[in-house]
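# no sequence on this one, just coordinates:
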């Protein structure tokens, strides 16, 4: 396996920023043995370091799962790859550290005859501990791939789209299967899962677009035995959806969901709603206010106070740029606390949002230019919405396309991106930033 560890000189473009921008401490470049396309799809901090999950292409095995673990110093501890039965395409959709130095990954895997939902558990040394393969007949959409959540008892939950239905599966902490449930939300129509969470009581909550043409979003709670407790639907103002739904559960077991219903102008709108543990709808908020402005949700997270932060791609009348980075924050009562926009010279592609323990917000995505090339943007906002810093990185590749962001307890910020280089094709670049001590989270 070839691996290059290089220090890249970032290009800081003319965007609003403070003088105390973070320092780039290391960059790691991963090129798989096939020397073809490597793409990160998920990033997460775990015990002992950073995990990056994605896919690597080989002319003999097609797309394979790839899981990388880096030490805090940027050393590649190990790289694990998985080629499913039949050498069919394998596409990662989720990553979840196990709290013991290992991690679970999930995705679709084709065995040469049918698609399957694959769940793999790797231990702290990178060895594959167990694999679960569940048939998922019917047409598949990589955006509706298997999602993972962990229960308080260490058990694992997975939700996936199977034959146009919600399919939810459960394993105990040792990987033994507990139950599987298939839910036909809208009878005879296509229902797709895009999010899953688990609360403190071990209940599982899943969400996704449902119905013919994805007419709305359905949120369903299942108890620890897999029985349905309640269900909630959101159809927006037009009865059609144009994007996935994101879910998060706070320390009070209240559930926040963000989706993308279609506006009456036929454009993307970002809706966020909050549910009590018993499924009661507490509030619903839509953005932007004007029907013919647009905002496509790209991610959502909660801070430690239960405030919801939504990242979206927006085009709003009166603002400069075309499709911009837009970040919104709602308090637990649904009040919009602030909105921030970052506008570049081209079409921007927001991808991920995170919060640290002090409530600071971090976003990343691909910043477009007039010549249709992309660099990675990373920005941070204070809890009150003030811009803390903004950085744009160019690796020297044609395009830099980030896939995720993670924040550590000492203010370290990690992101991973796909970048194309002559000779190695698309590689996975993982970058660590260290914020100045005055900017590190304190709580």
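Thanks, I have it. Not measured: the values here are computed from a predicted model.
# lowest confidence element among the helices and strands of the chain?
Within the chain, confidence by mean pLDDT, DSSP states H and E is lowest for strand 2-5 among all helices and strands, at a mean of 36.
# what's the pLDDT at residue 317?
Looking at residue 317, its pLDDT is 86.
# what stretches of the stretch 301-443 of the chain score poorly on pLDDT?
443 (pLDDT under 70).
# quick one, strands of it?
Along the stretch 301-443 of the chain, the stretches classed as strands by DSSP state E, counting those that start in this stretch are 308-315, 324-330, 336-342, 349-355, 361-368, 374-381, 387-393, 400-407, 412-421, 425-434.
# direction included, what does the second one pair up with?
Looking back up the chat, that one is strand 324-330. The pairing partners recorded for strand 324-330 under DSSP bridges are strand 308-315 (antiparallel), strand 336-342 (antiparallel).
# now render the ones you listed as TSV, adding distance to residue 89 and mean neighbour count.
Quick note: C-beta positions are derived from backbone N, CA and C, even for glycine. Formatted as TSV, the strands paired with strand 324-330 follow (distance: least, C-beta to C-beta, whole Å; neighbours: other C-beta atoms under 10 Å):
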stretch	distance to residue 89	mean neighbour count
strand 308-315	27	26
strand 336-342	35	16
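# distance to residue 54 added to those, as CSV?
Formatted as CSV, the strands paired with strand 324-330 follow (distance: least, C-beta to C-beta, whole Å):
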stretch, distance to residue 54
strand 308-315, 20
strand 336-342, 26
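# quick one: closest of those to residue 252.
strand 308-315 (13.2 Å; C-beta to C-beta).
# hmm, who's touching that closest one?
Contact with strand 308-315 is made by 248, 256, 258, 270, 272, 274, 287-288, 293-303, 321-330, 341, 348-350, 352-353, 355, 361, 363, 365, as judged by C-beta atoms under 8 Å, 6 or more residues apart in numbering.
# now the angle between strand 349-355 and it, please.
Counting by axes from the mean of the first three to the mean of the last three C-alpha atoms, to 10 degrees, strand 308-315 lies at 160 degrees to strand 349-355.
# could I get the full set of strands for the stretch 1-150 of the chain?
2-5, 23-31, 38-46, 49-58, 62-70, 76-82, 90-97, 103-110, 115-122, 128-135, 147-150.
# right, so of the ones you listed, which gets closest to residue 219?
strand 147-150 (13.5 Å).
# for the residue nearest to residue 142 when sequence neighbours are not counted, list each beta-bridge partner.
Leaving aside its chain neighbours, residue 142 sits nearest to residue 91 (5.2 Å; criterion: C-beta to C-beta, 6 or more residues apart in numbering). Beta-bridge partners of residue 91, counted by DSSP bridges, are residue 108.
# who are the contact partners of residue 91?
By C-beta under 8 Å, 6+ apart, the neighbours of residue 91 are 55, 63, 107-109, 142, 145.
# I figured residue 211 hits residue 187, correct?
No: counting by C-beta atoms under 8 Å, residue 187 is not a contact partner of residue 211; they are 9.9 Å apart.
# the more surrounded of these two?
residue 211 (22 against 8; other C-beta atoms under 10 Å).
# next, work out how far apart that one and residue 268 are.
18 Å (C-beta to C-beta, to the nearest Å).
# just residue 135 next, same as before
Taken as C-beta to C-beta, the span from residue 135 to residue 268 is 33 Å.
# who has more neighbours, those two?
Neighbours were counted for residue 135 and for residue 268 using other C-beta under 10 Å; residue 268 has more, 22 against 13.
# which residue, other than its chain neighbours, is closest to that one?
Closest to residue 268 by C-beta to C-beta, 6+ apart is residue 296, at 4.1 Å.
# one more: residue 284?
residue 273 (4.1 Å).
# hmm, the one you found is touching residue 285, no?
Yes: if you go by C-beta under 8 Å, residue 273 and residue 285 touch, sitting 7.3 Å apart.
# and these two? Which one has more around it.
A count of neighbours by other C-beta under 10 Å puts residue 273 above the other of residue 273 and residue 285, at 22 against 17.
# check contacts around that one.
By C-beta under 8 Å, 6+ apart, the residues touching residue 273 are 234, 256-257, 281-285.
# name the nearest of these relative to residue 177.
So of the contacts of residue 273, ranked by how close each gets to residue 177 (C-beta to C-beta), first place is residue 257, at 27.7 Å.
# hmm, back to that, with respect to residue 217, which of the contacts of residue 273 is nearest?
For the contacts of residue 273, the nearest to residue 217 is residue 234 (4.6 Å; C-beta to C-beta).
# ok, residue 419 to residue 217 distance?
34 Å.
# of these two, which one has the most company?
residue 217 (29 against 25).
# what sits against residue 123?
100-102, 129.
# try it again with 7 Å
For residue 123, the contact set (C-beta atoms under 7 Å, 6 or more residues apart in numbering) comprises 102, 129.
# angles on the backbone of it, please.
phi -90, psi -180 (degrees, to the nearest 10).
# partners of residue 295 in the sheet?
residue 314.
# same deal with residue 131?
With DSSP bridges as the rule, residue 131 is bridged to residue 120.
# what about it, how many neighbours?
Residue 131, neighbours per other C-beta under 10 Å, totals 13.
# wait, it touches residue 122, no?
No: counting by C-beta atoms under 7 Å, residue 131 sits too far from residue 122 to count as a contact (10.1 Å).
# show me what counts as buried in stretch 38-47.
38-46 (16 or more other C-beta atoms under 10 Å).
# could these go into CSV alongside pLDDT and distance to residue 70?
Compiled in CSV, the buried residues of stretch 38-47 are given as follows (pLDDT from 0 to 100; distance: C-beta to C-beta, whole Å):
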residue, pLDDT, distance to residue 70
38, 94, 15
39, 95, 17
40, 96, 12
41, 95, 16
42, 96, 14
43, 97, 10
44, 98, 11
45, 97, 10
46, 96, 10
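# out of these, who's nearest residue 159?
residue 42 (15.7 Å).
# that closest one contacts residue 94, correct?
Yes: using C-beta under 7 Å, residue 42 is in contact with residue 94, at 6.3 Å.
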